[in-house]
Structures are given as C-alpha cells and as structure tokens.
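A.B. asks: My questions are about this predicted structure, shown below with the sequence.
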Amino acid sequence: MVRGSGLVRCAAAIVFVVLVVAVCLSMGANPACAEGFRIETKIFAGEEKEPASKTTTLFQDGAVYDFLEKPQQTALFRKASGQRPARFVLLNDSQQVQTEVYTDKVATAMKDLREWAAQQKNPYLQFSADPRFDETFDRETGKLVLASPIQTYTVDTAPTQHQDLLAAYREYLDWYAQLNTLLISKVPPDPRLKLNASLQRHNVVPVKVELKRGGEDPIRAEHDFTWRLSKKDSERIEEVHNALSSYKTVDNAEFLKLSQPVVK
C-alpha cells in the first residue's frame with residue numbers, strides 16, 4: 001500500500017476538491033465547461049480561520065491537474081484509454097520523478113481493505129467497511145444529510161438536468177476517494193462512495209460539504225470556481241506535460257522514498 005507524508009497531504013487536499021467538481025453540471029450547457037475550468041479550494045479544520053491547505057485544480061479535455069500549494073505537490077488524473085485503465089500520475093518536481101497508480105490496482109487494494117476492516121473490533125473500521133446512514137434530503141433547500149453515530153455529511157446541493165454527465169463525474173469522484181484511502185490509511189472509502197451515490201440518486205451536485213466524525217474536529221471546504229482557464233492555467237498544464245516527457249518514471253516505493261521530507 002502506497003503511503004508517505006508528502007503524498008498524504010496531497011491526497012487530503014484532493015479528496016475535498018472533488019466533492020464539488022460536478023458543480024459545473026448545474027450551470028447547464030456552458031461552453032466554458034467544455035473548454036476547461038478551474039477551482040481554487042481552501043480546506044479548514046475545525047473553527048480555524050486560516051486554511052489548512054490550498055489547492056488549484058484545472059480541468060481540461062477529460063484530464064484533471066491538481067496543484068497543492070504547501071507542500072508543493074502535483075497530481076494528474078487520466079481516464080481509461082483502450083485496454084489501459086484510468087490512472088493517476090504523481091509528480092515530484094524537486095526530484096524530477098513521476099509514478100503511476102492504476103485504478104485497477106486501487107480497486108483490488110480496496111476490496112482487500114474492506115474484508116480486513118470488517119473483521120476488526122474497531123467500530124469505525126467496521127462501519128467504514130459497510131456504512132449505513134440515515135439520509136434526509138430537502139428538495140426546496142437542496143440540503144442533503146447523511147447521518148450516523150460514527151460520521152455525518154452535511155451538503156448544500158444544486159440541481160442538475162444532466163444525469164448522464166453526473167454519472168460520469170461520480171465515477172471520477174469515486175476514484176479520487178479511493179486513491180485518498182490508499183495514500184492515507186487503512187480505512188475503507190465506502191462512506192464517501194455512499195455520498196456520491198446519494199448525490200447521483202437525487203440528481204444534484206454538491207456545492208458545500210462539511211464532514212463530522214465522532215471525537216474529531218469537523219472539516220469544511222470552500223471553493224472558488226472560474227469557468228474558463230487563464231493563460232497562466234494553460235502554461236501550468238503545459239509544464240505538467242513537459243514534466244511527463246522528461247521526468248524519470250519510478251515505482252511507487254521509490255517515489256515515496258524520494259518524496260519523504262528531510263528531517264534535520
């Protein structure tokens with residue numbers, strides 16, 4: 001299982017960015033969405049006024065480019081092509097190396113993780129292997145709540161008429177949740193996947209999300225959407241493609257080793 005403090009911070013930012021990616025769908029047939037769009041995301045822990053992380057995420061031609069500010073991390077998601085499954089490409093600019101994580105390998109790891117978690121005595125692990133929520137949805141306000149004694153999602157949503165596109169975005173969000181699990185801890189991502197399924201079932205997209213777990217500070221996300229990519233955004237995407245063609249490709253273990261922060 002791939003782990004590492006640098007990757008952990010990158011994945012932690014990713015998982016809340018993707019909670020609201022599908023807001024573009026609620027804007028209707030917006031040409032800017034087809035051309036590409038960007039999200040500036042700030043993630044807050046508890047009642048802190050300063051964000052714990054800041055991320056810029058760019059969407060263009062079916063690919064997703066995620067740039068975490070501190071520590072500097074870059075991740076790219078590419079859809080499946082032919083016989084090649086969808087994959088994530090993680091870049092380490094300081095070491096000029098890259099590594100790939102394929103979704104079929106992620107799926108296998110998640111299956112094993114669920115089976116393991118279901119056999120544990122820890123209530124949170126058992127819950128995560130097969131989560132059950134009490135769900136409420138107010139069509140007028142768009143408020144969606146998935147509640148349980150273990151953890152609760154409270155989501156402000158917006159309607160969309162593009163159910164087919166929402167289904168495609170759900171698949172994308174699901175993979176990010178599973179990658180986050182792979183990089184961070186031995187806790188199945190099924191609570192997050194349940195939320196994704198609920199959003200699709202109600203034909204809505206998330207606008208604001210708050211996650212509360214028993215005994216932990218809540219986590220909330222704030223997002224600033226721009227429905228066109230700037231010249232600077234295009235330049236950043238070009239830099240990623242230049243890195244892909246020049247950086248050395250290493251396996252996950254070597255990438256982790258090179259990405260560990262230096263302890264002085």
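C.D. replies: Now that the structure is in, tell me what you want to look at. Numbers count the residues shown, from 1 in each chain.

A.B. asks: Enumerate every residue touching Val250.
C.D. replies: For Val250, the contacting residues are Val97, Gln98, Thr99, Leu258, by Cβ atoms under 8 Å, 6 or more residues apart in numbering. (Glycine included, C-beta is placed from N, CA and C.)

A.B. asks: Figure out the helix or strand that the nearest residue to Thr249 once chain neighbours are set aside lives in.
C.D. replies: In space, and not counting its chain neighbours, Thr249 is closest to Gln98: 5.5 Å by Cβ to Cβ, 6 or more residues apart in numbering. Taking DSSP states H and E as the definition, one finds Gln98 inside strand 97-102.

A.B. asks: after that strand comes which helix or strand?
C.D. replies: Heading C-terminal from strand 97-102 (DSSP H and E), you reach helix 103-118.

A.B. asks: CA atoms only: put whichever helix or strand comes after that following helix into PDB for me.
C.D. replies: Sequence order places helix 123-129 as the next helix or strand after helix 103-118, per DSSP H and E. Extracted in PDB, the C-alpha atoms of helix 123-129 (Å, rounded to 0.1, in the frame of the first residue of the first chain):
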ATOM      1  CA  PRO A 123     -16.400   0.300  15.400                       C
ATOM      2  CA  TYR A 124     -15.200   2.900  12.900                       C
ATOM      3  CA  LEU A 125     -13.400   0.400  10.700                       C
ATOM      4  CA  GLN A 126     -16.400  -1.900  10.800                       C
ATOM      5  CA  PHE A 127     -18.700   1.000   9.900                       C
ATOM      6  CA  SER A 128     -16.400   2.100   7.000                       C
ATOM      7  CA  ALA A 129     -16.500  -1.400   5.500                       C
END
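
A.B. asks: Strand partners (parallel or antiparallel) of the helix or strand just after helix 123-129?
C.D. replies: Proceeding N to C from helix 123-129, the next assigned helix or strand is strand 134-138, under DSSP H and E. Neighbouring strands of strand 134-138 in its sheet, by DSSP bridges, are strand 143-147 (antiparallel).
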